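Trainee: The following comprises the amino acid sequence and a computationally predicted model.
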Amino acid sequence: MISVIIPTYNRYDFLLEAVQSVKNQSYKNFELIIVDDGSTDKTSELSERKDLVYLKQENKGPAAARNAGVKLAAGEWVAFLDSDDLWHKEKLQKQLDFINNNTDCKIVYTDELWFRKGVRVNKKNIHKKYSGWIYSYCLKLCIVGASTILMAKNLWDEFGGMDENLPVAEDYDLWLRLSAKHKFYYLNESLITKRGGRDDQLSISVRGIDKYRIIALQKMMKEKDLKEEWRQMTCNELIKKCKIYMAGCKKYGRDDEITFCEDIIKEYTN
């Protein structure tokens, strides 16, 4: 069985569409868990439905919501769907078929269609996805969409899930930690519709998202058994991101953040 987890916060209308895209899956052996992260809209109405599990918690952010969902999960595989995204009908079935043909696979992700304010957006080459040992590709940006993942639950448990101290970039952080130890398999099909370009999205509304990517890279630098080649790549990317973030902070006179970056650059510059 697959446990499907949808974290949500004040997206009732989008959520109903996301839920329906799960219900429309050709593969039917799944449970659906909705984690309501402190919504104040009509989301609580889903608690009356018998075809899903509904959990309400105080607002703690997407990392905590996904972690809470996995704790409830009864399946040996877990999949996530952001409440403003949609799955295509064959998403789960095609991923399971892939796993059956690649028996060492513990995590498989897919491509996705991007829409911004209802308009189809073409991805750039920097967003290209890869299969296998993808750590070096994950450093620059988050190439793995959370809504595309199907992974073994015991793998999630092994890494302790997402870092609840990160209000954003929590997926970037987890994929780095995972890809340093495990292969990611890539199914080269667009099985997700990702809908963006709205002010309520955390990647837009939370200021200084680069800071949390920097924190994730700092964590990786403290990993004792990180391959030396990857450690150097991580160090280079950490310094690069600090310089970019620091340049933005200088425009707005954020002296404390400038010092934060300067200290990191000093620590990791030979």
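Mentor: Arrived safely, thanks for sending.

Trainee: can we go C-alpha only for contacts and neighbour counts from here?
Mentor: Will do.

Trainee: low-confidence ranges in the stretch 101-250 of the chain?
Mentor: Counting by pLDDT under 70, the stretch 101-250 of the chain contains low-confidence ranges at 198-207.

Trainee: which stretches of it form strands?
Mentor: In the stretch 101-250 of the chain, the strands defined using DSSP state E, counting those that start in this stretch lie at 107-116, 119-121, 150-152, 185-196.

Trainee: Now distance to P62 too, for those, in JSON lines please.
Mentor: Formatted as JSON lines, those follow (distance: least, CA to CA, whole Å):
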{"stretch": "strand 107-116", "distance to P62": "19"}
{"stretch": "strand 119-121", "distance to P62": "25"}
{"stretch": "strand 150-152", "distance to P62": "17"}
{"stretch": "strand 185-196", "distance to P62": "16"}
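
Trainee: In JSON lines, list those along with mean neighbour count.
Mentor: What follows is those, written out as JSON lines (neighbours: other CA atoms under 10 Å):
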{"stretch": "strand 107-116", "mean neighbour count": "20"}
{"stretch": "strand 119-121", "mean neighbour count": "12"}
{"stretch": "strand 150-152", "mean neighbour count": "21"}
{"stretch": "strand 185-196", "mean neighbour count": "19"}
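
Trainee: I'd like to know which of those strands is closest to E45.
Mentor: If you check each of the strands of the stretch 101-250 of the chain against E45 by CA to CA, strand 185-196 wins as the nearest, at 23.4 Å.

Trainee: In terms of secondary structure, what does the closest one contact?
Mentor: When contacts are defined as 3 or more CA pairs under 8 Å, 6 or more residues apart in numbering; DSSP states H and E, strand 185-196 packs onto strand 86-87, helix 91-101, strand 107-116.

Trainee: quick one: the first one to chain centroid distance?
Mentor: Spelled out, that is strand 86-87. Averaging C-alpha positions (CA atoms, centre = their mean, to the nearest Å) puts strand 86-87 15 Å from its chain's average.

Trainee: Same check on the last one?
Mentor: If you compare the mean C-alpha spot of strand 107-116 with that of the full chain, they lie 11 Å apart, counting by CA atoms, centre = their mean.

Trainee: What is that strand packed up against?
Mentor: Right, strand 107-116 is packed against helix 91-101, strand 119-121, strand 150-152, strand 185-196 by 3+ CA pairs under 8 Å, 6+ apart.

Trainee: One more: the first one?
Mentor: Packed against strand 86-87 by the contact rule (3+ CA pairs under 8 Å, 6+ apart) you find helix 12-23, strand 185-196.

Trainee: what are the pairing partners of that strand, and which direction each?
Mentor: Applying DSSP bridges to the sheet, strand 86-87 is found paired with strand 185-196 (antiparallel).

Trainee: Return the strand it pairs with as CSV; C-alpha atoms alone will do.
Mentor: Extracted in CSV, the C-alpha atoms of strand 185-196 (Å, rounded to 0.1, in the frame of the first residue of the first chain):
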residue,chain,number,x,y,z
TYR,A,185,15.7,7.1,-9.9
TYR,A,186,14.2,9.4,-12.5
LEU,A,187,11.1,8.5,-14.5
ASN,A,188,11.3,10.8,-17.5
GLU,A,189,7.6,11.5,-17.9
SER,A,190,5.5,14.6,-16.8
LEU,A,191,3.1,13.0,-14.3
ILE,A,192,2.5,16.2,-12.3
THR,A,193,0.9,19.5,-13.0
LYS,A,194,2.6,22.2,-10.8
ARG,A,195,0.6,25.4,-10.4
GLY,A,196,2.6,28.4,-9.3
